[in-house]
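>>> Return atomic coordinates for the entry below.
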Amino acid sequence: MLKKIFISLLLIVIFAGGYYVYDMYQRVYQPNVTLKNTNSDYFYVYSHFTYDDLINSLYEQGYIIDRVSFKWVSEKKSNFINNVKPGRYKLKEGMSNNQLIDLLRSGNQSPVKFTIFNVKTIKELSGVVSKNLECDSLSLYNLLTDKSFTSSYGFNTITILTLFLPDTYEFYWNTSAEQFVKRMADEYKKFWTEERKAKARAINLTQSEVSILASIVQAEQSVYRDERPKIAGLYINRLKKGMLLQSDPTVVYGIGDFNINRVLTKHIQTNTPYNTYIYQGLPPGPINLPEISSLDAVLNYEKHNYIYMCAKADFSGYHAFAINYNEHLVNARNFQKELNRRKIYN
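Residues are numbered from 1 along each chain as shown. As a prediction, this is how the structure comes out:
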C-alpha cells in the first residue's frame, strides 16, 4: 500500500515538475511577437521610457500577445529592468520573449537612413530631421537659433545653415539634436579639404560665402548641373566688378513667398536683406542648402566675360548669357514675350 502511495506521489511530482518546466519553456521560447500580416516591423523605445512604459507600449501597439509572460521573462533576465536602451528595433514575426528581450537589452538597434534635400530654412531642416529621428523639431530649431551654440561652431544664427550638406545620411534613431549637429560638423570638415579651402581663398570667399553663392547658383539652375559653373562664373565676375548680383531667387527668398513664378518690379523694390537688387554683395545667408555639385561649381567656376543672363525663351531650363546690357535686353525681352504668351503674369 505504501509503495502504491509513493509511486502515485512520485508521478504527481514528475507530472507537476514537467508541467512547470513546460510552462517556463512556453513563456521563454514560444512565439509571442505578432506583426499583423508583415514579416518585420520597427518598435521605437523613447529615451524617457521606463520599464513599465516599454511593456505598455509593446502591448498597446499590439506587438506582444501575452503581456504577463513577457513581464515574467523580462524580470528574470539580468540587467534588463533598469537598463532599457532607447532606439529603433527591428521586430520579426514569431519572435519569442527571450529573443525580444535579448534584442532590447543588447541595444542593437537598426539605423535610420534619410536624405536632406531641398531645404531652405532652419525651420524646414528641423522638420526633416524630426520626422526621422527622436529629437523634436523645436529642440533642434532652438539650438540652431541660439547665438552661443552656433558661435561654438564658428557660425552665426544665419550662416549656420551652411554647415549642412545635402546628402543621404545614416543615424541611430535616438540621436539627440546636439549629436546631430556634431555629426553634420564632422561631415562639413570632411568636405572642406585643404584643396577646397585653397580654392575658396583664391576667389576671396570664406567657406560660408562659397555656400551662400552656391545656393544662389543652385536656385538659378536647379535642373542642369552642367550649367552651374557658368552661372557661378557670372556672379563671380559681378562680385569682382562691384556690381549688384541682381538675382531673382534672392528676392523671392527675402519675401518668403516661394510660389512667385515671375519676379516683378514690386518684388524687386521690396526691401529685405536678401534683395540683391538693393544690397551689394552676397546676402547674409544661403537661400537653400546647396548640393555638393553647386559648391564645387563655385570653387571650379567657369572663366568667361558674361555679366548678364536670363532664362532662355524656349523654356528649356537653360539660360541666355550676355556680355553687355544691350545684348541682355534682347534676351530678356524675348523671354518676357514668351511669359506673356504663356499667360504667366505672377
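>>> Excluding sequence neighbours, find me the nearest residue to residue 305.
Excluding the flanking residues, the one nearest residue 305 by Cβ to Cβ, 6 or more residues apart in numbering is residue 323, at 5.2 Å. Where you see a C-beta, it was placed from the backbone N, CA and C, and this is true even at glycine.
>>> From what I see, that neighbour and residue 237 are in contact.
No. In this structure, residue 323 is not within contact of residue 237 by Cβ atoms under 8 Å, at 9.8 Å.
>>> could you pull out the strands for the stretch 1-150 of the chain?
Listed in chain order, the strands of the stretch 1-150 of the chain (DSSP state E, counting those that start in this stretch) span 40-45, 87-92, 112-116.
>>> Let me know which of these is tucked in deepest.
Counting by mean count of other Cβ atoms under 10 Å, strand 87-92 has the highest mean neighbour count of the strands of the stretch 1-150 of the chain, with a mean of 19.
>>> circling back to that earlier point, show me what contacts the residue nearest to residue 305?
305-308 (Cβ atoms under 8 Å, 6 or more residues apart in numbering).
>>> ditto for residue 80
74, 101, 104-105.
>>> ok, 7 Å please
Residue 80 is in contact with 74, 101, 105, counting by Cβ atoms under 7 Å, 6 or more residues apart in numbering.
>>> ok so, going back, dump the strands of the stretch 1-150 of the chain to a markdown table, plus distance to residue 183 and mean pLDDT.
Putting those into a markdown table (distance: least, Cβ to Cβ, whole Å; pLDDT from 0 to 100) gives the following:
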| stretch | distance to residue 183 | mean pLDDT |
| --- | --- | --- |
| strand 40-45 | 20 | 96 |
| strand 87-92 | 16 | 96 |
| strand 112-116 | 12 | 97 |
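>>> Next, format those as JSON lines and append distance to residue 221.
Formatted as JSON lines, the strands of the stretch 1-150 of the chain follow (distance: least, Cβ to Cβ, whole Å):
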{"stretch": "strand 40-45", "distance to residue 221": "39"}
{"stretch": "strand 87-92", "distance to residue 221": "38"}
{"stretch": "strand 112-116", "distance to residue 221": "20"}
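>>> Who is the one residue sitting closest to the centre of the chain paired with across the strands?
Nearest to the geometric centre of the chain sits residue 116, at 3.7 Å (Cα atoms, centre = their mean). Counting by DSSP bridges, residue 116 is bridged to residue 167.
>>> can I assume it is in contact with residue 164?
Yes. Counting by Cβ atoms under 7 Å, residue 116 touches residue 164, with 6.3 Å between them.
>>> which residues do these two both contact?
Residues touching both residue 116 and residue 164 (Cβ under 7 Å, 6+ apart): residue 289.
>>> Ends of stretch 82-100, what's the gap?
16 Å (Cα to Cα, to the nearest Å).
>>> Need the contact partners of it.
With Cβ under 7 Å, 6+ apart, stretch 82-100 has contacts from 27-35, 39-47, 49, 51, 54, 63, 69-70, 73, 103-105, 107, 109-110, 112, 172-174.
>>> quick one: which of the contacts of residue 80 sit in helices?
74, 101, 105 (DSSP state H).
>>> Would you convert those into CSV that also reports pLDDT and distance to residue 273?
Shown next, in CSV, are the ones in helices among the contacts of residue 80 (pLDDT from 0 to 100; distance: Cβ to Cβ, whole Å):
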residue, pLDDT, distance to residue 273
74, 90, 57
101, 93, 56
105, 91, 53
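>>> In a markdown table, list those along with distance to residue 124 and neighbour count.
Below are the ones in helices among the contacts of residue 80 laid out as a markdown table (distance: Cβ to Cβ, whole Å; neighbours: other Cβ atoms under 10 Å):
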| residue | distance to residue 124 | neighbour count |
| --- | --- | --- |
| 74 | 41 | 20 |
| 101 | 40 | 19 |
| 105 | 38 | 17 |
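>>> Can you tell me which of those residues is nearest residue 271?
Distance to residue 271 across those (Cβ to Cβ) is lowest for residue 105, with 59.9 Å.
>>> got the ones in helices among the contacts of residue 80 as a markdown table, with distance to residue 341 columns?
What follows is these, written out as a markdown table (distance: Cβ to Cβ, whole Å):
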| residue | distance to residue 341 |
| --- | --- |
| 74 | 71 |
| 101 | 69 |
| 105 | 68 |
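>>> so which of these comes closest to residue 201?
residue 105 (52.1 Å).
>>> where's the closest one relative to residue 90, distance?
15 Å (Cβ to Cβ, to the nearest Å).
>>> same thing with residue 310?
On the measure of Cβ to Cβ, residue 310 and residue 90 end up 52 Å apart.
>>> Report the residue ranges of every domain in the protein.
Domain assignment for the chain, taken from automatic domain parsing, gives 22-106, 112-191, 194-341.
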